[in-house]
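Visitor: Pasting the sequence and the predicted coordinates here, then a few questions.
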Amino acid sequence: MTATLKLTHSSIGVEVRRGVYDIIIDGQPSGAVAMNNTIEIPVAPGSHTLQIRNGRNSSRATNIEMGEGQIIEYRCTGKSFLPIFLASFFVPSLALHLRRVDKGGSA
């Protein structure tokens, strides 16, 4: 049996970095998600590293532990506060964000 990683590319309000985000699991390309879309990716149970990328911009790598049959959901966005947005031009790993969605559905 596999686990499922669910990613939704969404933002509330204006987002400058609206392009398609490439999904990187354990250093390997595993799919892509466009603005206002969701993708579900089957993964083997165990420990994994998750990152999203758009050109030189990326999120920080996130470690996740997937249980058998488990569904873990993240919301990804390029929206951030102005100081972080400006810093992301010098530190590209600050440009995109992964936020885990709890079982209640809030981010």
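Guide: Here it is on my side, so go on. These figures come from a predicted structure and were not determined experimentally.
Visitor: Beyond the lowest-mean-pLDDT helix or strand in the chain, next helix or strand please.
Guide: Lowest mean confidence among the helices and strands of the chain (mean pLDDT, DSSP states H and E): helix 82-87, at a mean of 84. Note on helix 82-87: by DSSP states H and E, the next helix or strand toward the C-terminus is strand 97-101.
Visitor: Which strands or helices does that following strand pack on?
Guide: Packing partners of strand 97-101 (3 or more Cβ pairs under 8 Å, 6 or more residues apart in numbering; DSSP states H and E): strand 46-54, strand 71-77. Placement of C-beta: from N, CA and C, glycine included.
Visitor: Distance from stretch 22-36 to the middle of the chain?
Guide: Relative to the centre of its chain, stretch 22-36 is centred 8 Å away, using Cα atoms, centre = their mean, to the nearest Å.
Visitor: Just give me the neighbour total for D102.
Guide: Per other Cβ atoms under 10 Å, the neighbour tally for D102 reads 8.
Visitor: quick one, what contacts it?
Guide: Under the criterion of Cβ atoms under 8 Å, 6 or more residues apart in numbering, D102 has no contact partners.
Visitor: 10 Å instead, please
Guide: E73 (Cβ atoms under 10 Å, 6 or more residues apart in numbering).
Visitor: Look up the pLDDT of it for me, please.
Guide: D102 carries a pLDDT value of 82.
Visitor: try the one 4 residues further on
Guide: Predicted confidence (pLDDT) for S106: 47.
Visitor: Same check on V14?
Guide: We have a pLDDT of 61 for V14.
Visitor: pretty sure I12 is touching T77, no?
Guide: Yes: using Cβ atoms under 10 Å, I12 is in contact with T77, at 8.6 Å.
Visitor: Just want to know which of those two has more residues nearby.
Guide: T77 (22 against 8).
Visitor: Distance check, the more buried one against N54.
Guide: Counting by Cβ to Cβ, to the nearest Å, the gap from T77 to N54 is 11 Å.
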